[in-house]
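1. my questions concern the predicted model and sequence given below.
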Amino acid sequence: MLRIAGGWIIITIGRIAAWIIWPRQHSRRSVLSKTPVPSAFLKTRRICVKYSHNNRYKKCGQGKVTRTVLSYALYGFLAVAPLFGLGGCDKREQPANPPVAVHPPEKSEQIIKSYKGRKIVFTSDRDGNDEIYIMNADGSEQKRLTNNPAADRLACCSPDGKIAFTSDRDGNPEIYVMDENGTRQERLTHNLVPDGSPCWSPDAKKIAFTSNRDGNPEVYVMNADGSEQMRLTNNPAPDGLACWSPDAKRIAFTSKRDKNQEVYVMNSEGGEQKRLTDNPAYDGAPHWSPDAKMIAFTSNRDGNPEVYVMNTDGSEQKRLTDNPAYDGAPRWSPDAKMIAFTSKRDGNYEMYIMNSDGSEQRRLTNNRADDISPCWSPFLPFTTKEKYR
């Protein structure tokens, strides 16, 4: 259903806001800080998007939205953003309490092998603002890498020890890069419109990303130093959330060109664009397995956002999670045996991990705030024969 309120365009599916498009006169910073968001359509919806000038939440409609949810609504897919699951209201207050200590879960043999030497980078607002964090793959030693009054999020790890991420610290969402320890932070894109959702190529030479610079969200690619930025898709509907194949020859992405968000694939030059999923519900946020055999993605086809996998040609689509709460944003481990993902099954968004077949689902983080958007680091040598110590 299409609703127009105060110049904003809101497309809803059932009780879930699917897309939000903000007017051109609102800058990115005003949207996240002080712009009043229409609440007329919220009377019968569970989504609440009112925000205050001092970064405190305000209730509206039937509940409230966390800052991370709002940020993703306006930022996860840039000017046009999919919400599915990440747009639900929390009816309970969530005071800013210190993080709860997280102990590594009981480790099976397979989990032990995938944990050895591995780290996961993620986004958290546990310290009052969205920042990039890193932890061991068993959930221990959680450490903040960025520290800005603006929002830093959507991190992606390169094979050579770099982290690309999105930040609006300079007044507009742009792509930045830093070392694994958070040092040498450098901006790669410079535009008056949002650039975000970076994804490294397997050889660390290029970065695919989403940009609205030509008036519509499209998939772009650039060199690792920010040079030679080139558009790969060109559609009146939004394209974004790109992910490289392990051989760097193909790129999977999300598109709404067929009036519904679906997973597509194209070659690395932007040609041979082909749809892999076909559902009236949301399919998106694809991620290639490192062995090039599967693509994990998020789908709402069974009435709730869940993690799915499929063959790289779109066949044999299978659901891995089954919860009434949100499960999504899947990311494969470097050995393709594990999948990290975000879930709200315990009342707020946390990092989880499971085997690639969906078994042994375990929580890694435990905070009153939201921990979201995982990415495995491929920085250290990996061998499945090593034992956990």
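-> Ah, there it is.
2. can you give me the domain assignment for the chain?
-> Using automatic domain parsing, the domain ranges for the chain come out as 2-75, 109-377.
3. tell me which of those domains sits most buried.
-> When these are scored by mean count of other CB atoms under 10 Å, the highest mean neighbour count falls to domain 109-377 (a mean of 20). Where C-beta positions appear, they are placed from N, C-alpha and C, glycine not excepted.
4. what's the mean pLDDT across that one?
-> Mean pLDDT, domain 109-377: 94.
5. give me the contact list for the helix or strand containing Thr254.
-> Assigned by DSSP states H and E, Thr254 belongs to strand 250-255. When contacts are defined by CB atoms under 8 Å, 6 or more residues apart in numbering, strand 250-255 is touched by residues 77, 82, 208, 219, 232-233, 235, 237-245, 261-268, 275-276, 283-288, 295.
6. strands along the stretch 201-350 of the chain, start to end?
-> Using DSSP state E, counting those that start in this stretch, the strands of the stretch 201-350 of the chain run over residues 206-211, 218-223, 230-231, 239-244, 250-255, 262-267, 274-275, 283-288, 294-299, 306-311, 318-319, 327-332, 338-343, 350-355.
7. quick check: next helix or strand after the last one?
-> The first helix or strand that comes after strand 350-355 along the chain, using DSSP H and E, is strand 362-363.
8. next structured bit after that following strand?
-> Trace forward from strand 362-363 with DSSP H and E and the next one is strand 371-377.
9. direction included, what does that following strand pair against?
-> As defined by DSSP bridges, the strand partners of strand 371-377 come to strand 119-124 (antiparallel).
10. and the angle for whichever helix or strand comes after the strand it pairs with with strand 371-377?
-> Next along the chain after strand 119-124, taking DSSP H and E as the criterion, comes strand 131-136. Taking axes from the mean of the first three to the mean of the last three CA atoms, to 10 degrees, one finds strand 131-136 and strand 371-377 inclined to each other by 50 degrees.
11. between strand 131-136 and strand 350-355, how many degrees?
-> Going by the same axes, to 10 degrees, strand 131-136 makes 40 degrees with strand 350-355.
12. other residues contacting strand 131-136?
-> 104, 115, 118-125, 141-148, 152-153, 155, 163, 165, 180, 182, 351, 364-365, 371, 377.
13. let's see that with 7 Å instead.
-> Applying CB atoms under 7 Å, 6 or more residues apart in numbering, the contact partners of strand 131-136 are 119-124, 141-147, 152, 155, 163, 165.
14. check stretch 321-334 too.
-> Contacts of stretch 321-334 (CB under 7 Å, 6+ apart): 85-86, 88, 114, 118, 285, 287, 289-290, 296-298, 304-307, 339-345, 358, 372-376, 378, 382.
15. how long is that stretch end to end?
-> 20 Å (CA to CA, to the nearest Å).
16. about what we covered before: out of the strands of the stretch 201-350 of the chain, which gets nearest to Gly196?
-> strand 206-211 (5.8 Å; CB to CB).
17. between the closest one and strand 239-244, how many degrees?
-> 170 degrees.
18. adjust the sequence numbering to begin at 37 for everything that follows.
-> With 37 as the first residue, the last one maps to strand 242-247.
19. can you give me the angle strand 242-247 makes with strand 254-259?
-> Using the same axes, to 10 degrees: strand 242-247 against strand 254-259 is 150 degrees.
20. now do strand 242-247 and strand 286-291, the angle between them.
-> Using the same axes, to 10 degrees, strand 242-247 lies at 10 degrees relative to strand 286-291.
21. now what about strand 242-247, what contacts it?
-> 114, 200, 211, 227, 231-236, 253-260, 276-278, 280, 287.
22. repeat that for stretch 338-345.
-> By CB under 7 Å, 6+ apart, stretch 338-345 touches 120-121, 330-335, 353-358, 360, 362-364, 366, 375, 377.
23. mind doing that once more with 8 Å?
-> Under CB under 8 Å, 6+ apart, the answer for stretch 338-345 is 120-121, 317-319, 325, 330-336, 353-364, 366, 375, 377, 392, 394.
24. now do the end-to-end distance for that stretch.
-> Stretch 338-345: ends 14 Å apart by CA to CA.
25. ok, now stretch 200-210?
-> 10 Å.
26. ditto for stretch 392-403
-> Stretch 392-403 has its terminal residues 25 Å apart, counting by CA to CA.
27. how much space separates the closest residue to Asn384 other than its chain neighbours from Pro366?
-> Once flanking residues are discounted, Asn384 sits nearest to Asp406: 5.8 Å by CB to CB, 6 or more residues apart in numbering. For Asp406, the distance to Pro366 (CB to CB, to the nearest Å) stands at 17 Å.
28. swap in Ala200?
-> According to CB to CB, Ala200 and Pro366 sit 19 Å apart.
29. and what of Ser304?
-> Distance, Ser304 to Pro366, by CB to CB: 22 Å.
30. swap in Pro414?
-> 16 Å.
31. Asp174 too?
-> Distance, Asp174 to Pro366, using CB to CB: 18 Å.
32. with Ser351 instead?
-> 18 Å.
33. and Pro230, by the same measure?
-> Pro230 is 24 Å from Pro366, where distance means CB to CB.
34. same check, this time on Ile211
-> Using CB to CB, we find Ile211 at a distance of 22 Å from Pro366.
35. need the contact list for Asp393.
-> Leu356.
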